[in-house]
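Engineer: got a sequence here, can you model it:
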Amino acid sequence: MNREKFVELFNASLALLKDSESVTRRELKALSRSLLEALHGKDGQLYGDIQYVNATLKVLSPVNRKVAVKFFEHFAGFHYDEALAIFTKKSKKRGVEAQEAAIEFLQDPNNNIWSWAERNIQVEAKPYTDEKLTAYIESAIKKMAGDQVRVLKAVFAAGISPDALIVAMQQTENLGIDLDVKEEVKAGVDMNIPF
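Structural biologist: Reported below is the predicted structural model:
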């Protein structure tokens, strides 16, 4: 495939991806209201068929599914089974409360899954752990063909001071971790570095 053909296909694919996300948002915006109406009815008449919600969940991306599950946990009044990833039976404890909340929510034609999510879902970043950082650095070393010196240069360029490296080395020695310089590291080091 030549470059021009690739660029043409790439741009077409990118446009489809962009369109698919906007289509998903638009469709889920309308469908979220319709599903609540199918569950609870505009007039307060309970229809109660949760299978339409479950079918919707099956076709959503993981991120959109998480939002939809929270939305329907709040408004549907059914139990959600994490293991099965579906809503199962009507909640005796939350059923009436959820129905009343849904009917009130549907009174405003501007309310939908996205307006609700904006007000009710807090996005929390997952904490960055030492294990994740170690895995990331191991991956970087592999991608740089084992050139640990190059990885350390990047670490220093990112703002880690040589003093911090020395302290970390001292703490590592205290933990009994072997700090012998490996041959592949020696090969990448200019031994004429003045101190």
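Engineer: for the rest of this, base every contact and every neighbour count on C-alpha atoms.
Structural biologist: OK.
Engineer: tell me the pLDDT at S34?
Structural biologist: pLDDT for S34: 90.
Engineer: neighbours around it, how many?
Structural biologist: 16 (other CA atoms under 10 Å).
Engineer: for D81, same thing?
Structural biologist: 11.
Engineer: start at 8 instead
Structural biologist: Happy to do that; since the first residue is 8 now, the last one works out to D88.
Engineer: could you check how far it is from K97?
Structural biologist: Distance of D88 to K97, given as CA to CA, to the nearest Å: 12 Å.
Engineer: likewise for V162?
Structural biologist: 54 Å.
Engineer: over to F82?
Structural biologist: 12 Å.
Engineer: check the secondary structure at A132 for me.
Structural biologist: Under DSSP: H, G, I helix; E, B strand; the rest coil, the three-state class of A132 is coil.
Engineer: and it, how many neighbours?
Structural biologist: For A132, the count of nearby residues is 6 (other CA under 10 Å).
Engineer: residue closest to the middle of the protein?
Structural biologist: V70 (6.1 Å; CA atoms, centre = their mean).
Engineer: help me confirm that that one is found in a helix?
Structural biologist: Yes: under three-state DSSP, V70 sits within a helix.
Engineer: pLDDT at it, what is it?
Structural biologist: For V70, pLDDT reads 90.
Engineer: quick one: the strands in this structure, in order.
Structural biologist: 85-88, 93-97 (DSSP state E).
Engineer: nearest to V174, of these?
Structural biologist: Proximity to V174 (CA to CA) singles out strand 85-88 among those, at 48.6 Å.
Engineer: so which elements touch the closest one?
Structural biologist: helix 69-82, strand 93-97 (3 or more CA pairs under 8 Å, 6 or more residues apart in numbering; DSSP states H and E).
Engineer: one more pass at 7 Å, please.
Structural biologist: Helices and strands touching strand 85-88, by 3 or more CA pairs under 7 Å, 6 or more residues apart in numbering; DSSP states H and E, are strand 93-97.
Engineer: walk me through which strands the strand it packs on pairs with, and which way each runs.
Structural biologist: strand 85-88 (antiparallel) (DSSP bridges).
Engineer: check which helices and strands the longest helix along the chain is in contact with.
Structural biologist: Ranked by residue count, the top helix of the chain under DSSP state H comes out as helix 10-47. If you count contacts as 3+ CA pairs under 7 Å, 6+ apart, helix 10-47 packs onto helix 102-113, helix 120-127.
Engineer: how far does the shortest one sit from the chain's center?
Structural biologist: Translated: helix 120-127. 17 Å (CA atoms, centre = their mean, to the nearest Å).
Engineer: now it: buried residues?
Structural biologist: Neighbour counts using 16 or more other CA atoms under 10 Å place I120, W121 of helix 120-127 among the buried residues.
Engineer: ok, now the longest one?
Structural biologist: For helix 102-113, a neighbour-count test (16+ other CA under 10 Å) marks G102, V103, A105, Q106, A109, I110, F112, L113 as buried.
Engineer: likewise stretch 86-102?
Structural biologist: H86, Y87, I93, F94, K97, R101, G102.
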